[in-house]
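Student: From the sequence below, what's the structure:
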Amino acid sequence: MPFEIEYFHERVRSEIESWPADVVADYARLVELLAEHGPSLRLPHSRAFGDGLFELRPRGRSGIGRALYCFMLARRVVVLHAFIKKTQETPDRELKLARKRLKELLGG
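Tutor: Predicted coordinates for the structure are as follows:
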């Protein structure tokens, strides 16, 4: 039974849809893998940040996208935040926003 993919807010989905077409296409492929494999999906497709936060790692010729997500009960994946990467490392403010949304989801 596959995992269900949800978005924290419609703005997260809109952000992903605004990415360059090749990055969106890779994101779509990775989301299918995530729905199929769940927490078993690893590098180079997904990476754990700890405390229940993970990143999906789509890329294309025009750039590199990141979608930060978490797992919830009942085989649900919630995409908390998405952005196009402009530096080698994931910016702290992007991680802070995703962690804040994760905390909000968990009722804290």
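Student: just the helices in the chain please.
Tutor: Secondary structure of the chain (DSSP state H): helices located at 10-17, 21-37, 92-105.
Student: Using TSV, please lay out those helices together with distance to Ser46 and mean pLDDT.
Tutor: Where you see a C-beta, it was placed from the backbone N, CA and C, and this is true even at glycine. Below are the helices of the chain laid out as TSV (distance: least, CB to CB, whole Å; pLDDT from 0 to 100):
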stretch	distance to Ser46	mean pLDDT
helix 10-17	15	98
helix 21-37	7	98
helix 92-105	14	96
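Student: Adding distance to Ile64 and mean neighbour count as columns, could you present the ones you listed in TSV?
Tutor: Shown next, in TSV, are these (distance: least, CB to CB, whole Å; neighbours: other CB atoms under 10 Å):
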stretch	distance to Ile64	mean neighbour count
helix 10-17	13	15
helix 21-37	7	16
helix 92-105	13	15
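Student: between these, which gets nearest to Leu56?
Tutor: For the helices of the chain, proximity to Leu56 was assessed by CB to CB; helix 21-37 is nearest, at 5.2 Å.
Student: Show me the one of the helices of the chain that comes nearest Phe3.
Tutor: Using CB to CB, these put helix 21-37 closest to Phe3, at 4.9 Å.
Student: And that closest one, what does it pack against?
Tutor: Under the contact definition 3 or more CB pairs under 8 Å, 6 or more residues apart in numbering; DSSP states H and E, helix 21-37 sits against strand 4-7, helix 10-17, strand 53-56, strand 59-60, strand 63-72, strand 76-85.
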